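Trainee: Sequence plus the predicted model coming up.
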Amino acid sequence: MTAVAEPAAVFPARTLPRAHPSFVGAVRSELLKIRRQALTWVVLAGFVVVCAITLGSVISSDQVRKLLARDPRSFYFNYLEGILTLFNTMSGVFLLIVSSRLVSLEYGSGTIRMVLARGTGRLHLLGAQLVALAISGLLVLAGFIAVCAGTLYAIVVVWQGSFTPITSLPQVAWTDTWINLLVALVSVAVCILLGTTAAVVGRSVAFGVGAALAFFPADNFGTVVMSLVNRLTNQDAWRQVTQYFLGPTLNQLAASLQTDHVVGAAFATPLMKVDATHCWIVIGVYSFVFLAASVVLTWRRDVLH
Amino acid sequence: MGTAVLTTHALSKTYGSRQAVKDLDLEVRRGEVFGFLGPNGAGKTTTIRMALGLIRPTAGRVEILGSDVRTSRAEVLPRVGALVETPALYGYLSGRNNLKAFAHMLGGLPDSRLDEVLELVGLADRQRDRVKSYSMGMKGRLAIALALLNDPELLILDEPANGLDPAGIVEMRDLLRGLAASGKTVFISSHVLAEVQQICDRVAIINLGELVRLAPVAELVAGSGEFVLSLDDPRFALELIRRQEWGRSARIEDGVLVAGSPSGRGRDLVHFLAQAGVWADSIDERQHSLEEIFLSLTTPMGAAG
């Protein structure tokens, strides 16, 4: 430390603004933390690489080119389906890691006590973290849409000479575009809530990130396990229970909303037919439970870290 | 006597069957440097955590700057600078960005204030480096900078000398003196009793969750009416003094004579010895060290003795 003999040097005569916990300030602080974590950019770079490979394979595919020439509507729906799966998977990994780390690092490094000791409330901080994560998720989605829209425009114009094959698609194509956007937004929200809940429950980086990343593989694989158990036991309950699994329900959501054409799912779906209302209820209940658990545990538990 | 800045009223905290803090009543007055001492597990950190709203008291309450911390934390705690246990910082952020993250939380502070506190703790040259590359001492200094960021009226420092080298401890002492001189109230918990004795106005000593002594440091270490004399032949002087009614408790400790005085005044003792032809090289009033007081109040042997 430097010389501190003069008290005046410690506290200058001018007055500092009166400090008061600020929600907008807390969001800015959380965004700064997200932005400055190397892992954020590493995972995002992985996302970009996978996107580039996927879109590159679309651009270089002769089959896709022929499909566009033959049936622009099918081409467009396939494109939408592909990019939604890509986004849900990659943004899921990104948001699960970023959200669980953002929240759990606060406990793991003990900085939570510094933050709370300055008057920021527990729920105030949790709210700021959720908003900062939502902003991050929306930025990733916006970037992804820009890249995918640009790629779509480029390949259609290059292959067909103009963008007319797409602009002349029937109204249902645009309705389905909005549905896909809605499903992507739901996926963003669920991943943020899941990552946050895992971190709040475990209060450690290892548990938070591990539990958040394991959840979807576990319930997707759980569908396969239930199918096997159902065959072994001939008990229908094993099959029925999969309609309440979050991952498979999220995978089914886009298909249940787009009734004008058949939509496939890249990952597991419930082992029995479920409609859009059922999907919304299951996703809504899980989201509510995640949010309620995060709020109650954050609010009630002492900070001993 | 200054107004109360921090007050605890019958503060208690129980973990299961273990009472960590029991009916603690403290009053820290404006402008004083208040030492809070106790052996490991005495309840110091639990008390500090309750004062900062990190854990909920089982009973009792804490008032800071006249308001209950639990009901007015957003108004009160931004006026408090705190360092709880080891410095908790964002390792992946630079020193400056750590300050910025907290400044955002507190509603924003001018960049010049960040420069000031970084300069004050001697980290201006390393402000762009990530905190994970800092030494323990540097982290401690940055934590102090965070505590000072918004010019707090009360500083609560839990073991601020942890990890500091001897020069750092001296600088910390100067800083705390500077703070006190500029009108700040400092509440400090420390194991470095010599430092506490030098900088604190009053101390509270707790053991097993209970307050065992609260008094001004000067009163605690005040002389016992005995004097320490350096002499060429202390044994001869000892024999002389022991023959006197007032000198029965005289003794030799570590080669120096420890004795009472005929009148309670040192010069009368010197005069008595001089009449017998014994000249003292030096005489000092015997004082207790804070360490002696602390051990006598907090260890079973000390308490028995």
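Mentor: Received it, and whenever you're ready, just let me know what you need.
Trainee: Wait, residue B:52 touches residue A:114, no?
Mentor: No: the criterion here is CB atoms under 8 Å, and residue B:52 misses it with residue A:114 at 9.6 Å. Placement of C-beta: from N, CA and C, glycine included.
Trainee: Return every residue with contacts to both of those two.
Mentor: B:82, B:84 (CB atoms under 8 Å, 6 or more residues apart in numbering or on different chains).
Trainee: where does residue 284 land in three-state SS?
Mentor: Let's take chain A. Reduced to three states with DSSP: H, G, I helix; E, B strand; the rest coil, the structure at residue A:284 is helix.
Trainee: could you do chain B instead?
Mentor: strand.
Trainee: Ignoring the adjacent residues along the chain, who's closest to it?
Mentor: residue B:228 (4.9 Å; CB to CB, 6 or more residues apart in numbering or on different chains).
Trainee: Repeat that for residue A:20.
Mentor: residue B:107 is the one closest to residue A:20 (CB to CB, 6+ apart), at 5.2 Å.
Trainee: all strands in chain B, in order from the N-terminus.
Mentor: Counting by DSSP state E, one finds strands in chain B at the ranges B:4-15, B:18-29, B:33-37, B:59-64, B:67-68, B:80-83, B:154-158, B:185-189, B:202-207, B:210-216, B:227-230, B:251-253, B:256-259, B:282-285.
Trainee: need the contact list for the residue positioned nearest the centre of chain A.
Mentor: Centroid-nearest residue in chain A, with CA atoms, centre = their mean: residue A:188, separated by 3.0 Å. Residues near residue A:188 by CB under 8 Å, 6+ apart: A:91, A:95, A:134, A:137, A:138, A:140, A:141.
Trainee: Residue B:207 and residue B:165, how far apart?
Mentor: 30 Å (CB to CB, to the nearest Å).
Trainee: So between these two, which is more surrounded?
Mentor: residue B:207 (19 against 12; other CB atoms under 10 Å in any protein chain shown).
Trainee: Could you give the bridge partners of that one?
Mentor: residue B:210 (DSSP bridges).
Trainee: Would you mind measuring from it to chain A?
Mentor: Distance of residue B:207 to chain A, computed by CB to the nearest CB, to the nearest Å: 22 Å.
Trainee: Would you mind measuring from the residue nearest to the centre of chain A to residue A:31?
Mentor: For residue A:188, the distance to residue A:31 - CB to CB - is 16 Å.
Trainee: if we can go back for a sec, out of the contacts of residue A:188, which is nearest to residue B:121?
Mentor: Using CB to CB, residue A:134 is the member of those that sits closest to residue B:121, with 35.7 Å.
Trainee: Please name the residues that touch the closest one.
Mentor: Contacts of residue A:134 (CB under 8 Å, 6+ apart): A:188, A:189, A:192.
Trainee: List the ones among those residues that fall in helices.
Mentor: Under the assignment DSSP state H, the contacts of residue A:134 contribute A:188, A:189, A:192 to helices.
Trainee: my guess is the second one meets residue A:286, correct?
Mentor: No: taking CB under 8 Å as the definition, residue A:189 is not a contact partner of residue A:286, at 10.7 Å.
Trainee: Residue A:260 belongs to a strand?
Mentor: No: assigned with three-state DSSP, residue A:260 falls outside any strand and is coil.
Trainee: What is the burial count for it?
Mentor: Residue A:260: 12 neighbours (other CB under 10 Å).
Trainee: Just to check, it is in contact with residue A:173?
Mentor: No: Residue A:260 is beyond contact range of residue A:173, at 9.0 Å (criterion: CB under 8 Å).
Trainee: which helix in the chain runs the most residues?
Mentor: The chain I'm using is chain A. Max-length helix for chain A by DSSP H is helix A:122-160.
Trainee: You answered for a different chain; I wanted chain B.
Mentor: Longest helix in chain B, counting by DSSP H: helix B:166-181.
Trainee: hmm, that helix touching chain A?
Mentor: Yes: counting by CB under 8 Å from any CB of the partner chain, chain A is contacted by helix B:166-181 at B:168, B:171, B:172, B:174, B:175, B:178, B:179, B:181.
Trainee: Next, format the residues you listed as JSON lines and append neighbour count and pLDDT.
Mentor: Below are those laid out as JSON lines (neighbours: other CB atoms under 10 Å in any protein chain shown; pLDDT from 0 to 100):
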{"residue": "B:168", "neighbour count": "20", "pLDDT": "78"}
{"residue": "B:171", "neighbour count": "19", "pLDDT": "79"}
{"residue": "B:172", "neighbour count": "26", "pLDDT": "80"}
{"residue": "B:174", "neighbour count": "15", "pLDDT": "82"}
{"residue": "B:175", "neighbour count": "25", "pLDDT": "81"}
{"residue": "B:178", "neighbour count": "20", "pLDDT": "82"}
{"residue": "B:179", "neighbour count": "25", "pLDDT": "82"}
{"residue": "B:181", "neighbour count": "15", "pLDDT": "82"}
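Trainee: The longest helix of chain B vs strand B:185-189, what angle?
Mentor: 140 degrees (axes from the mean of the first three to the mean of the last three CA atoms, to 10 degrees).
Trainee: and residue B:299, how many neighbours does it have?
Mentor: 13.
Trainee: so who does the residue nearest to it when sequence neighbours are not counted touch?
Mentor: Sequence neighbours aside, residue B:39 is the residue nearest to residue B:299 in space, at 7.7 Å (criterion: CB to CB, 6+ apart). By CB under 8 Å, 6+ apart, the residues touching residue B:39 are B:207, B:298, B:299.
Trainee: pLDDT wise, what is residue A:13 at?
Mentor: Note for residue A:13: predicted pLDDT of 45.
Trainee: again, but for residue B:36
Mentor: So, for residue B:36, pLDDT stands at 95.
Trainee: Same question for residue A:195.
Mentor: pLDDT, read off for residue A:195, is 97.
Trainee: before we move on, back to that, list the helices and strands the longest helix of chain B packs on?
Mentor: Packed against helix B:166-181, as judged by 3 or more CB pairs under 8 Å, 6 or more residues apart in numbering or on different chains; DSSP states H and E, are the following elements: helix A:7-10, strand B:33-37, helix B:136-148, strand B:185-189, helix B:193-199.
Trainee: The ones you listed: which one's closest to residue A:83?
Mentor: helix B:136-148 (44.2 Å).
Trainee: contacting residues around that closest one?
Mentor: A:1, A:10, A:114, B:81-83, B:87-89, B:95, B:98-99, B:102, B:117-118, B:120-123, B:126, B:131, B:134, B:155, B:157, B:160-165, B:168, B:172, B:175.
Trainee: still on that earlier bit, for the residue nearest to residue B:284, the count of nearby residues, please.
Mentor: 18.
Trainee: which residues does it bridge with?
Mentor: Residues in beta-bridge contact with residue B:228 (DSSP bridges): residue B:258, residue B:284.
Trainee: Now do residue A:41 against chain B, distance only.
Mentor: Taking CB to the nearest CB, one finds residue A:41 at 11 Å from chain B.
Trainee: for residue A:186, same thing?
Mentor: 30 Å.
Trainee: who touches that residue in this structure?
Mentor: A:250, A:253, A:283.
Trainee: and of those, the nearest to chain B?
Mentor: Closest approach between those and chain B, by CB to the nearest CB: residue A:250, at 31.2 Å.
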